[in-house]
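Colleague: 3D, please:
(chains A and B)
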Amino acid sequence: MADVEFHKQEDLNDVPLEGDITVPGLKTEDDEISTLDEPVRDTILRDVRAVGVKFFHVLYPKQSKALLREWDLWGPLILCTLMAMMLQGDSGDVDSTSDGGPEFAEVFVIYWVGAVVVTMNNKLLGGNISFFQSVCVLGYCVSPLAISLIISRLILLAPEQTTVLFVIRFILVVIAFAWSTFASTAFLSDSQPPGKKVLAVYPIFLFYFIISWLVISHTHS
Amino acid sequence: MDIAIDVDDRSSKKKSELGFYEADNDETIFDKSKVQTHTFTSFPEGAEYEPQDDEDETEGDKSQLLEEGKKSPSFWTFEYYQQFFDVDTNQLLYRIVGSMTPRPNSKYLKGYIRPNPDLYGPFWICCTLVFTTAITGNLANYLQTAGKDYKWKYDFHKVTYAAAAIFGYWWVLPTAIFGLLWWRKSQTAITFLEILCVYGYSLAIYIPISILWVINVMWLRWILVVVAAVLSGLVLVQTFWPAVNEDNRKVAIAVVALIFVFHALLAAGFVLYFFHSPAPATTAAPFIPVSPVTTTQNALSESIKQTVITTASANHNTTKAAF
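Modeller: The predicted structure is shown next:
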């Protein structure tokens, strides 16, 4: 008995019974950064940095594919929630004191459904861009308008609303609108065949125009 | 530290061993597949003929493709919907201009829409019209109350009403006309898509008109309504006249008249509901003309003080809540 057991152990020592669940033909893990054993802080910071880089690309638009290659929906989600919170009407008790502004959900729906419809339009026209890439770009490109909304909220804090202040807000929103449209077309219009560029850009224009209208119409502080 | 080195040692050892095993595995798999292909070739005859049938089918498809030029894809695929967006910019502009210039001898359907009716134009025309109506309606509202002692507030929910009215009009009327043509067994083969397309484009003229409605002069607005309704309504009537022509004369005239009247009513409803006064009439749905009572109420509210207006708007709001 003892002899046999000893023999078995020796065998085990010679050929250790261990394996690896690797599919033949796949790359080994050596050439990739392992994200399993890094601190959580690093993981979060890397994602935050990626989102930050994308915001920078939108605010300083130049022909770059970074926004397209690695899409995420964090930025759009943050922007959307921010804008919906700032734009939502003061709902008052029932309706008598409300200011007629949109509800939170209405802004939210306009933002996402708008982005989806514009993307679908892009795809239906024959553009070669993936669905989420386009939604990501459209979402990120709202950021100039979000900035203009924040500034106009600050302007609205002034005790007396004069025409001059309104003109300032108006100019701000117009600049932000042009900026948003320009940035998103810089990223998206390449994906269209030549005869259809205008057809693809028009819905984008309309989408940002509507959001600009929401921003400029928001009159209560 | 020691343990870590140990682990590294082990893993490196594993790899070399694994490399060996992998090669071995591959070989065995290759062998298996060889064996399998061999058994495949010795399948019974019925099974063997199947791939040949497939080839025949694909050849048939190819020849069909060559004959027809294009095959229509399945309803559930994305490509099916892409064919409705197959327009370019010039074609779109041509169609929009065509929809608002009635000419005595030109057929809008034949000359502009066929053979490929699109949905790009109609859809975005409707979207644009929804927002231009809502935005300019608010703007007109603001201009009307600008000089007065009345705190203006914008009404976002005009978008909802405008969307309901416009998209409703765009879908309900074509469905009704298509149903009618089918019921009367009309000989002219107009597809549902073509009707939808013509109706969508017929709304295009209301976009510039709705922007011009901002000008706060009531008679000018009504003149614009008449001009727009006549221009695009005539194109609509011209388009659908051949389809109902062979039918009973009375029915044909009634149908064409109804098409025109509904088209004009849409515009009239816009003016009455969105561009009328700071406290819009409570009963004015976009399709139904406003009763005289509400118009006098509006006239009153324009002239009387702020208190009256606020109560009226409160009324309006409560009824809205009741809805």
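
Colleague: what's the local residue count around A:Trp71?
Modeller: Residues lying near A:Trp71 (other C-beta atoms under 10 Å in any protein chain shown) number 19. Any C-beta I mention is one placed from the backbone N, CA and C, and that applies to glycine too.

Colleague: ignore what I typed, I meant B:Cys127.
Modeller: B:Cys127: 20 neighbours (other C-beta under 10 Å).

Colleague: what of B:Thr101?
Modeller: Neighbours of B:Thr101 (other C-beta under 10 Å): 14.

Colleague: stretch B:128-136 vs chain A: in contact?
Modeller: Yes: if you take C-beta under 8 Å from any C-beta of the partner chain as the test, stretch B:128-136 does meet chain A, through B:Thr128, B:Phe131, B:Ile135.

Colleague: contacts for that stretch, please.
Modeller: A:206, A:209-210, A:213, B:156, B:158-159, B:162-163, B:166-167, B:203, B:206-207, B:210-211, B:213-214, B:270, B:274-275 (C-beta atoms under 8 Å, 6 or more residues apart in numbering or on different chains).

Colleague: report how many residues lie close to the residue lying closest to B:Asn138 once chain neighbours are set aside.
Modeller: Residue nearest to B:Asn138 in three dimensions, not counting chain neighbours: B:Tyr154, with 4.8 Å by C-beta to C-beta, 6 or more residues apart in numbering or on different chains. Each residue near B:Tyr154 was counted by other C-beta under 10 Å, and the total is 24.

Colleague: report the contact partners of the residue sitting nearest the centre point of chain A.
Modeller: Geometric centre of chain A, nearest residue: A:Pro76, 2.9 Å, by C-alpha atoms, centre = their mean. When contacts are counted by C-beta under 8 Å, 6+ apart, A:Pro76 touches A:Tyr111, A:Ala115, A:Val135, A:Cys136, A:Leu138, A:Gly139, A:Tyr140, A:Val142.

Colleague: what is the burial count for the residue of chain A found nearest chain B?
Modeller: Nearest to chain B, among the residues of chain A, is A:Gly195, at 3.6 Å (C-beta to the nearest C-beta). Residues lying near A:Gly195 (other C-beta under 10 Å) number 13.

Colleague: quick one: contacts of stretch A:212-221?
Modeller: Under C-beta under 8 Å, 6+ apart, the answer for stretch A:212-221 is A:86-87, A:90, A:99, A:101-102, A:107, A:110, A:145, A:148-149, A:152-153, A:156-157, A:161, A:169-170, A:173-174, A:176-177, B:131, B:135, B:138, B:153-154, B:156.

Colleague: re earlier: state the pair within the contacts of A:Pro76 that is farthest apart.
Modeller: A:Tyr111 and A:Cys136 (13.1 Å; C-beta to C-beta).

Colleague: pLDDT value on B:Leu93, please?
Modeller: Predicted confidence (pLDDT) at B:Leu93: the value is 89.

Colleague: and it, what element?
Modeller: Using DSSP states H and E, B:Leu93 maps to helix B:89-99.

Colleague: show me the contact partners of that helix.
Modeller: Contacts of helix B:89-99 (C-beta under 8 Å, 6+ apart): A:195-199, B:87, B:106, B:108, B:111-113, B:118, B:120-121, B:125, B:198, B:201-202, B:204-205, B:232, B:235.

Colleague: got a ChimeraX select line for the buried ones in the contacts of stretch A:212-221?
Modeller: The ChimeraX selection below is limited to those of the contacts of stretch A:212-221 classed as buried (16 or more other C-beta atoms under 10 Å in any protein chain shown):
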select /A:87,99,101,102,107,110,145,148,149,152,153,169,173,176,177 /B:131,135,138,153,154,156
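
Colleague: pLDDT below threshold where in chain A?
Modeller: A:1-33, A:63-68, A:90-100, A:220-221 (pLDDT under 70).

Colleague: can you give me the helices in it?
Modeller: Under the criterion DSSP state H, chain A contains helices at A:2-14, A:40-59, A:66-69, A:74-87, A:104-124, A:131-140, A:143-156, A:163-188, A:197-217.

Colleague: export those as TSV, with columns for distance to B:Leu266.
Modeller: As requested, these are exported to TSV (distance: least, C-beta to C-beta, whole Å):
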stretch	distance to B:Leu266
helix A:2-14	86
helix A:40-59	40
helix A:66-69	41
helix A:74-87	30
helix A:104-124	23
helix A:131-140	31
helix A:143-156	32
helix A:163-188	29
helix A:197-217	21
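
Colleague: select, out of these, the one closest to B:Ala228.
Modeller: Comparing the helices of chain A by C-beta to C-beta, helix A:197-217 comes nearest, at 21.0 Å.

Colleague: list the buried residues of that closest one.
Modeller: Neighbour-count burial for helix A:197-217 flags A:197, A:199-217 (criterion: 16+ other C-beta under 10 Å).

Colleague: stretch B:102-120 too?
Modeller: Residues of stretch B:102-120 classed as buried by neighbour count (16+ other C-beta under 10 Å): B:Pro102, B:Tyr108, B:Leu109, B:Tyr112, B:Ile113, B:Pro117, B:Asp118, B:Leu119, B:Tyr120.

Colleague: surely the second one touches B:Val198?
Modeller: Pointing back at B:Tyr108 there. Yes: using C-beta atoms under 8 Å, B:Tyr108 and B:Val198 qualify as a contacting pair, with a distance of 6.7 Å.

Colleague: residues shared between the contacts of those two?
Modeller: Counting by C-beta under 8 Å, 6+ apart, the residues touching both B:Tyr108 and B:Val198 are B:Ser99, B:Thr239.

Colleague: in chain B, which residue sits nearest chain A?
Modeller: B:Asp88 (3.6 Å).

Colleague: how about the nearest residue to that residue, chain neighbours excluded?
Modeller: Nearest non-adjacent residue to B:Asp88 (C-beta to C-beta, 6+ apart): A:Gly195, at 3.6 Å.

Colleague: list the contacts for the closest residue to A:Tyr111 other than its chain neighbours?
Modeller: Residue nearest to A:Tyr111 in three dimensions, not counting chain neighbours: A:Cys80, with 4.6 Å by C-beta to C-beta, 6+ apart. Residues counted as contacts of A:Cys80 (C-beta under 8 Å, 6+ apart) are A:Val107, A:Phe108, A:Tyr111, A:Trp112, A:Gly139, A:Val142.

Colleague: which of those sit farthest apart?
Modeller: Greatest spatial distance in those: A:Val107 and A:Gly139, 13.4 Å, computed using C-beta to C-beta.

Colleague: how far away is the residue nearest to B:Asp88 from A:Asn128?
Modeller: 15 Å (C-beta to C-beta, to the nearest Å).

Colleague: ok, A:Ile204 next?
Modeller: Per C-beta to C-beta, A:Ile204 is found 17 Å from A:Asn128.

Colleague: neighbours around A:Ala178, how many?
Modeller: There are 13 residues near A:Ala178, going by other C-beta under 10 Å.

Colleague: residues contacting A:Tyr202?
Modeller: With C-beta under 8 Å, 6+ apart, A:Tyr202 has these contacts: B:Trp124.

Colleague: what about the contacts of helix B:89-99, which are in strands?
Modeller: Within those, no residue falls in strands by DSSP state E.

Colleague: so which strand or helix has B:Thr101?
Modeller: Counting by DSSP H and E, there is no helix or strand that carries B:Thr101.

Colleague: quick check, it in contact with B:Val230.
Modeller: No: B:Thr101 lies out of contact with B:Val230 (C-beta under 8 Å); the separation is 11.7 Å.
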